[in-house]
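Q: sequence and predicted structure, then a few things I'm wondering about:
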Amino acid sequence: MRDRNLVIIPTYQEKENISDILEAIFDLEIPFDILVVDDNSPDGTALIVQEKQSTHKKNLHLIQRTRKMGLGSAYLAGFSYALKNGYDYIYEMDADFSHDPKDLMKLHHSCKIEGNDMAIGSRYIDGVNVVNWPIDRVLMSYGASLYVRLLTGMPIYDTTAGFKCYHHSVLRTINLKNIKFTGYAFQIEMKFNAWKYGLKIKEVSIIFTDRKKGESKMSAGIFTEAIFGVLQLKIMSLFNKYEPGYSIEADRINSLDSVYH
């Protein structure tokens, strides 16, 4: 039986990018389904997705939420959908082409062929592979990843990366109900939990290119959340038990729908 792949794309005001990114993913050699989780974008992003669904009826899915609820909760809603619908590999990806759709193939290869539980599209595993970012933003991002790595001990260079592939077992092992952060620190928390559970993680080198269309959602406040969030994460880990083999019960998966939709 062919593996089922689901790319989760959270959106808020991405009308300039969403149509093109969807078609770029659907054009790949390996078939990927796509789930867009839209936080009530006032620019009509969800309407564009609905129009595209007429062409991609079986492969394009949409969750429309009533308000802006944060990146982390969008992905948790997507994870719930993926687990309930039997997907094998679940991907996180931005809508703005900062992540090259072709690199989904690299992430798939890392998990499917090489047998990793999580593959991370890494900007920093092979130098600094960032295009069109001002130097202060590069230093802030690289410094944040270095800080997280030193504080937590995670052997991961791009600890804040948002381009990833999970085997479904990762999402069943991590207790998603206990994920605390909804912003930028969410990305750190997911990697930290996977590492603490002893799952097999690999960084795959990618080139990250800043968006050409639309407005960035990044801010200094988002980085501040990550800096202080990781301190909280480290402290909480001292009191948590990470027991491999933990599985989310069916009713827990169902309860995620009511919390994150």
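A: Looks like it came in fine.
Q: so for stretch 72-90, what's the average pLDDT?
A: The average pLDDT within stretch 72-90 is 96.
Q: for that stretch, what is the distance to the chain centroid?
A: The chain centroid and the centroid of stretch 72-90 are separated by 10 Å, computed with CA atoms, centre = their mean, to the nearest Å.
Q: go through that stretch and flag the buried ones.
A: Residues 72-83, 87-90 are the ones in stretch 72-90 that count as buried (16 or more other CB atoms under 10 Å). Every C-beta, even on glycine, is put in place using the N, C-alpha and C of the backbone.
Q: restricted to helices, list these.
A: Members of the buried residues of stretch 72-90 lying in helices (criterion: DSSP state H): Gly72, Ser73, Ala74, Tyr75, Leu76, Ala77, Gly78, Phe79, Ser80, Tyr81, Ala82, Leu83.
Q: the stretch 1-150 of the chain: strands as residue ranges?
A: Ranges of strands in the stretch 1-150 of the chain, per DSSP state E, counting those that start in this stretch, are 5-11, 33-38, 60-64, 89-92, 118-122, 130-131.
Q: comparing the ones you listed, which yields the minimum mean pLDDT?
A: strand 130-131 (a mean of 93).
Q: if we can go back for a sec, between the strands of the stretch 1-150 of the chain, which one is nearest to Ile235?
A: Ile235 lies closest, by CB to CB, to one member of the strands of the stretch 1-150 of the chain: strand 118-122, at 23.6 Å.
Q: show me what the closest one is packed against.
A: Judged by 3 or more CB pairs under 8 Å, 6 or more residues apart in numbering; DSSP states H and E, strand 118-122 is in contact with helix 104-108, strand 164-167, helix 185-196, strand 201-205.
Q: next, the angle from the last one to helix 185-196.
A: I take that to be strand 201-205. Strand 201-205 and helix 185-196 are oriented at 130 degrees to each other (axes from the mean of the first three to the mean of the last three CA atoms, to 10 degrees).
Q: what pairs with the helix or strand immediately after strand 201-205 in the chain, parallel or antiparallel?
A: Sequence order places strand 208-209 as the next helix or strand after strand 201-205, per DSSP states H and E. With DSSP bridges as the test, strand 208-209 is paired with strand 130-131 (parallel).
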